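[1] okay, here's the prediction I keep looking at, along with the sequence it came from:
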Amino acid sequence: MVCVAASDITAQLRILLVHPSARGLGLGRRLVRTCVEFARGAGYRRMELWTNDVLAAARQVYLSEGFTLQGQEPHHSFGADLIGQTYALDLAGRPGDVAGCRT
């Protein structure tokens, strides 16, 4: 998993990958939560990510962690026609904020 700053207020989740032998153990959810907690603690107010609609398990993790679909657009990548999706999460003022987080 890679979490980078997209701007001074927006963190970007770039890559979430769990080895196939470890899938279904809740590791993806734990990784996303860790990244969200880091972003909150660092003072980011928003987190964004981009994925493809065919990645249903990952999409369920994002939705269950509070991300909402912001937009989608068809594209051709990896030898296939896909629907790219952008998700975002508002980090400011949510329960569980890390103490000292900028608001």
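    Structure received.
[2] tell me which residues in stretch 42-56 are buried?
    By neighbour count with 16 or more other Cβ atoms under 10 Å, stretch 42-56 contains the buried residues 43-49, 51-52. From N, CA and C alone the C-beta is placed, and that goes for glycine too.
[3] now stretch 59-79
    Taking 16+ other Cβ under 10 Å as the criterion, stretch 59-79 shows 59, 61-62, 65, 67, 72 as buried.
[4] can you check stretch 28-44 too?
    28, 31-32, 35-36, 39-40, 43-44.
[5] from these, which is closest to Phe78?
    Distance ranking of the buried residues of stretch 28-44 against Phe78, using Cβ to Cβ, places Gly28 first at 19.8 Å.
[6] show the average pLDDT along the host helix or strand of that closest one.
    With the criterion set as DSSP states H and E, the secondary-structure element containing Gly28 is helix 27-41. Along helix 27-41, the predicted local confidence has a mean pLDDT of 95.
[7] just checking, what packs against that helix?
    Here helix 27-41 is seen to pack against strand 2-5, strand 10-15, strand 46-52, helix 56-64 when contacts are counted using 3 or more Cβ pairs under 8 Å, 6 or more residues apart in numbering; DSSP states H and E.
[8] direction included, what does the third one pair up with?
    With DSSP bridges as the test, strand 46-52 is paired with strand 10-15 (parallel), strand 80-90 (antiparallel).
[9] distance between it and the chain's centre?
    With Cα atoms, centre = their mean, to the nearest Å as the basis, strand 46-52 stands 5 Å off its chain's centre.
[10] about what we covered before: among the helices and strands packed on helix 27-41, which comes closest to Ala80?
    Closest to Ala80 of the helices and strands packed on helix 27-41, according to Cβ to Cβ: strand 46-52, at 8.9 Å.
[11] residues in contact with that closest one?
    3, 6, 9-14, 16, 35-36, 39, 58-59, 62, 67, 70, 77, 82-92 (Cβ atoms under 8 Å, 6 or more residues apart in numbering).
[12] and if you look at stretch 69-86?
    Stretch 69-86 is contacted from outside by 48-54, 59, 87-88, using Cβ under 8 Å, 6+ apart.
[13] closest to Pro20 among those residues?
    Within the set of the contacts of stretch 69-86, Val54 lies nearest Pro20; the separation is 15.6 Å, counting by Cβ to Cβ.
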